[in-house]
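Asker: Sequence plus the predicted model coming up.
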Amino acid sequence: MNIKASGLKRILFTVVIALVIGAVLILMIGENPIEAYQALFKGAFKGKFGFGNTVATFTPLLLTSIAFAVAAQAGAFNVGVEGEVFLGGIAAAYIGVNFTFLPKPILLITCFLGAMVVAGAWATIPAVLKAYYGVSEVCTTILMNTVAVYITSYLVSGPMSAGTANAQSHSVAVNLPQFMKPSSANVGVFIAIVIVVLVAIMLYKTKFGYKIRVVGTNPAFADCIGINSKKVFINSMILSGAIGGIAGCIEVLGVHGYFLNNFAVGLGSNGMLAALIARSNVVLTPFLAFFLSILKAGAMGMQQSTGVPKALVDTIIAIFIIVATMETLFEFKKKIKRKVKKEKGEAKA
Amino acid sequence: MSEYVVEMKDIQKSFGSVKAVKNGFFTAKKGEIHSLIGENGAGKSTMMKLLFGMYPIDEGEILINGNNTDKLTPKIAIDHGIGMVHQEFMLVGELTVLENIILGFEPQKGLKIDFDAAKKEVKKYIEQYHMDIQLEKKVNQISVGEAQRVEIIKTLMRGAEIIILDEPTAVLTPQEAQHLFKILMNLKKDHKTIVFISHKLNEVMNISDRISVMRQGQYIDTVEKGNTSPLELTKLMIGREVFLNIDKTYSKAGKTVLEVEDVWIPSQKETSKIRGMSFHVNEGEIVGVAGIDGNGQSELVEAIIGLREVEKGSIKLSGKNIANKKTRAIRKSGLSVIPEDRNTQGLNREMSIADNLAAVEMDRVPYSKGFMIRQEAIVQNAKEKVEAFDIRPDDYNLPTSSLSGGNAQKVVVAREVSMDNKLLIAAQPTRGVDIGAIESIRNSLEKAKKEGTAVLLVSAELEEIISLSDRIIVIHEGKITGEMPADEANENNLGLLMMGGTHE
Amino acid sequence: MSAIIENVDKIFNVSLIYATFRSATPIIFAALCAALTQQANILNIGTEGIMLVGSFTAVGVSYLTGNWVIGVLAAMISGAFIASIMAVGHIKYNAEICAIGMGINMLALAVTKLLLNVIFKTNGTFSDPKIVPIPKVHFAFMDDIPVLNQLLNNWSITEWLAIVLILVLQFLFYKTVWGLRLRAVGQFAMAAQTAGIKVTQIKYQAMIASGLMGGLAGAHLSLGYSTQFVENMTNNRGFMGVAAMYFGGANPILTALGCLLFGFADSVGARLQAYGIPSQFVLMMPYIVTIVILAISMYVKYRNNKRKESSLLAPKAQLKTQG
């Protein structure tokens, strides 16, 4: 409990620092930071459209952040979630367009399963290379992201193309209902929340979760007590990939209704940011994902009503994460305490 | 100037919440061999690391040649003429011996390092002290004894007048140790000051001029060698008269539990490869494996528990071949392990005492049922074990990283011994733990044996091997060089075999 | 397919050699940037971001001052600045290197986008005749010798510089005092510390040197390889550099050889496009080649180690254990 409380405190500190640096940047551009932030939050919450947008941004971010966090819990740095979103999306689109002989509910489930299988299989490649031959998964997953983007891009401008001006697939035969129109918020958000809850339970209450945590904190110990650390590492990467695939599936079935070329650029990396800030704690990560969604969704509103460009929000988020990664930055308080104690001790002597 | 070249007064040093040194005091005279003795964890290494500037002191003062030194770093210490040979060698394995020796004060010619000049300089020392070192080899290809000589040359090259050796004989055979002592005597003749850290009284009595004793982080006393005896030193070190002699019971050997037949095991180091080894361990007996560290002990243990490939031969546990099987399966068929490296293999330092105590059996009833883990059972188990094995502090929710070495090891022992398995492998079970824990851990092993467990004990402490084992096998460079009943063993005949000599 | 076979001589000809080198150079610089920190055992995931900031700074300063030298120097300084943020975070505040490296990459992407908006009031691409590129080295005597002309003439200055820097780093790592200390720090920091070496100082120096190199990588990309700045123009070249560095074990010459393989895949791909291969396949080629080469090189290393470790080999000349 204590650890969580201090984690929360640290994150709040980081939020403040990032927003202050952001304010300084806004001042340098010659705008009023308070107005800009007001516009940002208005953009994120005002009206059905504003809040709906935030929810719509939140859905994939929640899933990609949890996908990254699950892999991180087993000690993997899975930058490949983005590629897994793309491949999950294309798999769902393929099934949704071509398997129309299935009854709708079954088709829906098949789309999800297909997305999970394809994305999970994709994640297996870097996982195996890392577990058995020590190939840096950071490198391979980053490079594989680009490959995944080109593969899907080829498919929707070639074999799966709907023949429209934009590269995109035909419309899928089954959709996730939207609410809060005209935003693209859809029931996928509830699916995402359920998945996150399941992941948290899995991680802290089940044997598999225990294994993941053991391997993530000390693989040598895991091996010694009879947990196959390589297998667990690979499995957690597959799970991570499958969750990324679900994110892609929800985007295709719930937001667009078809596979749009390049639709998921940034989804994976933003999720990774949320998880990194929360140090992949699966309880804190969803809140960070929500906070980043507010910033992202509100950025448009801010750009429109003030002269502050959207890119500023990305800058703030980047600073946010850089500060958050510095583990010992906030230890100055402890140090002071220790010093005070010592001085007291001396006074007694 | 005072008669001392080194004076350390009222030293205090804490690591986190652990007070490693409480009131440290130490002096050394020019040209003496001064031993610093104490049990594991008494703070002797820490004291000398402070003198060498590896950590800053919290309180107190350090005078070198009468000069007060504030904020020591290794660099400043070296400039003051201090050199240290660490217990774990501070040599970069991928660099050559020569590169290692000159590291930090390399002679230059233009932009390049002047290797020729360096070689000439080093050769002088090699000849002066008859050191026998191969300069062009990479460090990871030389033997332990040679690496130690490299470390000594390193200190001399840096102009050391005061040389600290931290447990230098722990990695040597008794015979190699004699060779080292000759070198130390030669250094003394050249008016170098030697600080010799050890907990082996016979060695200390052999070479010292003066002896300082530490206990539990505190300075106890400094005595002249001529005025003391091993018995008095023991009392000073331990604070009470303790005899670690376990009442050994000689049980009749039962059925064979572990049978190793002509196994061949790979290793990174040439001298650690196991090449054709056979032995067996019976029910209710402790078989000790003696040998200098790095002669294949770790590889053997890893192979038996399924963490290292067996390239040839068989390992049978109760008649079933377990070579190259998964650790999980081997453990299920009746194996317990106290691994050599407590902090990486024995414990998960970031998890709680309770989780660590249940770790091996987590996927079995009562700790889990179906997919789910049962927290109540884990807590129940923790309560019992913490009590039974006297693990302190008794808050089983604490991470094991907050425990002292001895208590951390008790967690491992508690977990492994209480599974009542047929075979128990104990690798260096008492390394780096305090005297109280040593007693309790050795008693646990003895108890397991009495209950019929077959125990394979691997230890670098000859005293431990001799006092606990029923039978002893000695290994050298991956081969068995001798086997004998424990009551025929002594430091001399074991030492000879450990060096690769033959029995009789 | 048949078109490719018929035109195989047009795909594989003398000009392919320079084309390979040309597309490899940005990656070579990036790989050297990564190798500098790797020797100190720091994985420079931020190479991509350092390089991107360098690209932007080079174009911006060259445009504003009309001087490419100042542009390149500014790029190097900006690279060092970004690297020092990472250095302070990692070395002083214990930030996990992958995490802060990815943070740096995000920051670079966002900041360059932001500054493109704010300073140059544009989105996506910035190109302008006022941007002064890095000049090319022209040897008049080569004009009449077709092979030499195709091979060596009209290289940009930084392309020559890349070759020089590979050799300089090779010398630096393996022959100089700083190189020896750097390697000692990377392989066993504690040993270096007890030898009186200031470990953190060496690490900082390596990071800053790496930043200078990364900035240069970026400047070459935006002023030598092209003459413009495009959002995210590094396009994972930094990561390819990191992969090449792994391939070469941070040895500059081996690392550069790895980069040439990627350059080869890239330029062959570009030629194949003319013969009906879908552009996406061409574009993903260097990435796939990178992954495959990385995987193979690590696998070979794994096999070799295993062979070396085997107990079944006859023991080498017995080591002396008695002094």
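Answerer: Now that the structure is in, tell me what you want to look at.

Asker: do you know how far A:Cys139 is from chain C?
Answerer: As for A:Cys139, its distance to chain C is 5 Å (criterion: Cβ to the nearest Cβ, to the nearest Å). Yep, even glycine has a C-beta here, placed from its N, CA and C like the rest.

Asker: going on from the host helix or strand of that residue, what's the next piece of helix or strand?
Answerer: Using DSSP states H and E, A:Cys139 sits in helix A:137-157. Toward the C-terminus, helix A:137-157 is succeeded by helix A:188-205 as the next helix or strand (DSSP H and E).

Asker: Outside of the helix or strand encompassing B:Lys123 itself, list whatever touches it.
Answerer: According to DSSP H and E, B:Lys123 maps onto helix B:115-128. By Cβ atoms under 8 Å, 6 or more residues apart in numbering or on different chains, the list of residues contacting helix B:115-128 from outside reads B:98, B:101-102, B:106-107, B:109, B:131-133, B:135, B:153, B:156-157.

Asker: Please state the offset of it from the chain centre?
Answerer: 32 Å (Cα atoms, centre = their mean, to the nearest Å).

Asker: ok, then the element right after that helix?
Answerer: Taking DSSP H and E, what comes next after helix B:115-128 is helix B:144-157.

Asker: got the angle for that next one vs helix B:115-128?
Answerer: In terms of direction (axes from the mean of the first three to the mean of the last three Cα atoms, to 10 degrees), helix B:144-157 departs from helix B:115-128 by 110 degrees.

Asker: In contact with the closest residue in space to B:Leu103 that isn't next to it in sequence, which residues?
Answerer: Distance criterion Cβ to Cβ, 6 or more residues apart in numbering or on different chains; nearest residue to B:Leu103, sequence neighbours excluded, is C:Ala195 at 4.4 Å. Shown in contact with C:Ala195 (Cβ under 8 Å, 6+ apart): B:Pro74, B:Met90, B:Leu103, B:Gly104, B:Lys154, C:Ala184.

Asker: Just give me the neighbour total for the second one.
Answerer: Translated: B:Met90. 21 (other Cβ atoms under 10 Å in any protein chain shown).

Asker: can you pull the contacts of the spatially closest residue to it that is not a sequence neighbour?
Answerer: Counting by Cβ to Cβ, 6+ apart, B:Met90 lies nearest to C:Ala191, which is 3.9 Å off, once chain neighbours are set aside. By Cβ under 8 Å, 6+ apart, the residues touching C:Ala191 are B:Phe89, B:Met90, B:Leu91, B:Val92, B:Asn100, B:Leu103, C:Ala184.

Asker: For the residues you listed, please prepare TSV with the additional fields secondary structure and pLDDT.
Answerer: Listed next are the contacts of C:Ala191 as TSV, based on DSSP: H, G, I helix; E, B strand; the rest coil; pLDDT from 0 to 100:
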residue	secondary structure	pLDDT
B:Phe89	coil	89
B:Met90	coil	92
B:Leu91	coil	94
B:Val92	coil	95
B:Asn100	helix	95
B:Leu103	coil	93
C:Ala184	helix	97
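
Asker: Let me know the closest of those to chain A.
Answerer: Closest approach between those and chain A, by Cβ to the nearest Cβ: B:Val92, at 20.9 Å.

Asker: The closest one contacts B:Leu98, doesn't it?
Answerer: No - if you go by Cβ atoms under 8 Å, B:Val92 and B:Leu98 don't touch, sitting 11.9 Å apart.

Asker: Neighbour count for those two, which is higher?
Answerer: Between B:Val92 and B:Leu98, B:Val92 has the larger neighbour count (other Cβ under 10 Å), namely 25 against 19.

Asker: hey, which helix is longest across chain C?
Answerer: When chain C is scanned for its longest helix (criterion: DSSP state H), the result is helix C:279-309.

Asker: Over to chain A?
Answerer: Longest helix in chain A, counting residues (DSSP H): helix A:104-133.

Asker: so what secondary structure elements neighbour that helix?
Answerer: On a contact count with 3 or more Cβ pairs under 8 Å, 6 or more residues apart in numbering or on different chains; DSSP states H and E, helix A:104-133 meets helix A:81-98, helix A:137-157, helix A:229-250, helix C:279-309.

Asker: which bits of chain B sit near chain A?
Answerer: B:305, B:307, B:326-328, B:330-332, B:337, B:339, B:341, B:344-351, B:355, B:359-360, B:362-363, B:368, B:371-373 (Cβ under 8 Å from any Cβ of the partner chain).

Asker: what's the neighbour count on the nearest residue to A:Val283 once chain neighbours are set aside?
Answerer: Leaving aside its sequence neighbours, A:Val283 sits nearest to A:Ala200 (Cβ to Cβ, 6+ apart; 6.3 Å). Per other Cβ under 10 Å, the neighbour tally for A:Ala200 reads 19.

Asker: do you know how far A:Ala200 is from A:Gly209?
Answerer: 9 Å (Cβ to Cβ, to the nearest Å).

Asker: The nearest residue to A:Val81 once chain neighbours are set aside - how many residues pack around it?
Answerer: Once flanking residues are discounted, A:Val81 sits nearest to A:Gly268: 3.8 Å by Cβ to Cβ, 6+ apart. Per other Cβ under 10 Å, the neighbour tally for A:Gly268 reads 31.

Asker: ditto for B:Asp355
Answerer: 24.

Asker: if I look at B:Trp264, how far off is B:Gln141?
Answerer: Plainly put, B:Trp264 is 21 Å away from B:Gln141 if you go by Cβ to Cβ.

Asker: what helix or strand does A:Leu19 sit in?
Answerer: Here A:Leu19, judged by DSSP H and E, is contained in helix A:2-29.

Asker: Let me know whether that helix sits next to chain C.
Answerer: Yes - under the criterion of Cβ under 8 Å from any Cβ, helix A:2-29 makes contact with chain C via A:Leu25, A:Ile29.

Asker: how far does that helix sit from the chain's center?
Answerer: Relative to the chain's own centre, helix A:2-29 is displaced by 20 Å; criterion: Cα atoms, centre = their mean.

Asker: just to revisit the earlier point, wasn't the residue nearest to B:Met90 part of a strand?
Answerer: No - counting by DSSP: H, G, I helix; E, B strand; the rest coil, C:Ala191 falls outside a strand, being helix.

Asker: Return the per-residue confidence for it.
Answerer: We have a pLDDT of 93 for C:Ala191.

Asker: Distance of it relative to B:Leu95?
Answerer: 9 Å.

Asker: Can you give me every residue that contacts residue 286?
Answerer: Looking at chain A here, since you left the chain open. By Cβ under 8 Å, 6+ apart, the neighbours of A:Pro286 are A:Leu62, A:Ser65, A:Ile66, A:Val196.

Asker: my question was about chain C
Answerer: Neighbours of C:Pro286 in contact, by Cβ under 8 Å, 6+ apart: C:Met240, C:Phe262, C:Gly263, C:Ala265, C:Asp266, C:Gly269.

Asker: Hmm, C:Met285 and the fourth one touching each other?
Answerer: Yep, that's C:Ala265 we're talking about. Yes - under the criterion of Cβ under 8 Å, C:Ala265 makes contact with C:Met285 at 4.8 Å.

Asker: Next, the residue positioned nearest the centre of chain B: secondary structure please.
Answerer: Nearest to the mean C-alpha position of chain B, counting by Cα atoms, centre = their mean, stands B:Arg431 at 5.4 Å. Here B:Arg431 is recorded as coil under three-state DSSP.

Asker: Report pLDDT for it.
Answerer: 84.

Asker: What residue in chain A comes nearest to chain B?
Answerer: A:Gly226 (3.6 Å).

Asker: and the helices and strands packed on helix A:104-133, which one is worst for confidence?
Answerer: Taking the mean pLDDT of the helices and strands packed on helix A:104-133, helix C:279-309 comes last: a mean of 89.

Asker: and the direction of that helix versus that of helix A:104-133, what angle?
Answerer: 40 degrees.

Asker: Run the angle between helix C:279-309 and helix A:137-157 for me.
Answerer: Calculated by the same axes, to 10 degrees, helix C:279-309 forms an angle of 150 degrees with helix A:137-157.
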